[in-house]
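Q: prediction below, plus the sequence it came from.
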Amino acid sequence: MRRFVPSRRRALRFFLIVAAVWAVISVGLALAVLVYGRVDERQPSDVIVVLGAGLRRDDQPNLALIRRSEQGAALYNAGFAPFVICAGGFAPGRSRSEADACRQILETNGVPRDAIILEERSRSTEENAIYSREIMYERGWQTALLVSDGYHMLRAQWIFRDYGIDIVRSPTPLRPRLSTLVTAVAREVAALQWQAVKNLLHLPFTSVPLL
């Protein structure tokens with residue numbers, strides 16, 4: 001007489017298959033994040049958009065924001081665009097925005113204040129895109145040169161293009177230390193998967209803590 005596989009065993013087998021597929025997808029995404037972040041497409045554009053990163057406890061820019069802002073300044077000084085948008089709002093409990101910290105670094109590196117526009121409302125990469133697009137439309141700008149860390153570029157470009165923004169990317173040439181990079185790539189893999197689910201289900205969220 002044929003023996004039926006117990007439901008518990010079937011459930012375990014299904015779970016292991018799903019876990020294996022998820023692991024393969026995650027590894028593939030991690031490799032895509034690393035490879036994609038090495039390509040610099042810089043070309044003359046209407047504006048440079050520097051994506052924010054967190055501030056330290058003393059409200060000074062962290063290393064990621066320093067890297068991104070210095071890259072934005074280098075592109076401005078090289079003549080790739082006449083304006084820079086610093087994108088990044090206020091973290092909970094903070095009195096300074098990421099955009100303002102970006103502005104400070106840009107000015108230190110020779111970018112005049114009247115060439116800097118602050119976007120201080122965003123709390124996520126998606127909101128960076130939403131509010132940067134508003135600024136661009138108000139000023140009649142069509143093209144943007146997007147600046148962020150390489151590990152962030154795949155998701156950032158995907159989101160900005162989803163919002164109809166014509167961008168090319170220019171990742172920071174400096175990379176974080178290995179431990180920071182591993183953590184950042186893992187976060188990007190999770191964020192990419194969330195973005196795919198969000199788009200598929202048409203979820204209304206534009207900001208999720210930790211992503």
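A: Great, that's in hand.

Q: and the strands in the protein?
A: Assigned by DSSP state E, the chain shows strands spanning 47-51, 84-87, 116-119, 143-147, 166-169.

Q: now do the contacts for residue 77.
A: 109, 110, 111 (C-beta atoms under 8 Å, 6 or more residues apart in numbering). In this view, the C-beta of every residue, glycine as well, is placed from N, C-alpha and C.

Q: what's the first-to-last distance across stretch 104-121?
A: 18 Å (C-alpha to C-alpha, to the nearest Å).

Q: any idea how far it is from the middle of the chain?
A: 19 Å (C-alpha atoms, centre = their mean, to the nearest Å).

Q: contacts for that stretch?
A: Counting by C-beta under 8 Å, 6+ apart, 47, 50, 61, 65-66, 69-70, 72-74, 76-77, 82-90, 97, 99-100, 103, 127-128, 131-132, 135 sit against stretch 104-121.

Q: out of those residues, which sit inside helices?
A: 65-66, 69-70, 72-74, 76-77, 99-100, 103, 127-128, 131-132, 135 (DSSP state H).

Q: just the buried members of the contacts of stretch 104-121?
A: Taking 16 or more other C-beta atoms under 10 Å as the criterion, what is buried in the contacts of stretch 104-121 is 47, 50, 61, 65-66, 69-70, 72-74, 76, 83-90, 97, 99-100, 103, 127-128, 131-132, 135.

Q: quick check: phi and psi on residue 38?
A: phi -90, psi -10 (degrees, to the nearest 10).

Q: and it, how far is that from residue 17?
A: Counting by C-beta to C-beta, to the nearest Å, the gap from residue 38 to residue 17 is 33 Å.

Q: with residue 52 instead?
A: Taking C-beta to C-beta, one finds residue 52 at 40 Å from residue 17.

Q: more neighbours: which of the two?
A: Neighbours per residue, other C-beta atoms under 10 Å: of residue 52 and residue 17, the larger number sits with residue 52, 29 against 10.

Q: may I ask which helix or strand of the chain has the lowest mean pLDDT?
A: helix 7-36 (a mean of 89; mean pLDDT, DSSP states H and E).

Q: could you name the helices and strands sitting against that helix?
A: helix 150-162, helix 178-201 (3 or more C-beta pairs under 8 Å, 6 or more residues apart in numbering; DSSP states H and E).

Q: and those as a markdown table, adding mean neighbour count and distance to residue 11?
A: As requested, the helices and strands packed on helix 7-36 are exported to a markdown table (neighbours: other C-beta atoms under 10 Å; distance: least, C-beta to C-beta, whole Å):
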| stretch | mean neighbour count | distance to residue 11 |
| --- | --- | --- |
| helix 150-162 | 21 | 33 |
| helix 178-201 | 15 | 23 |
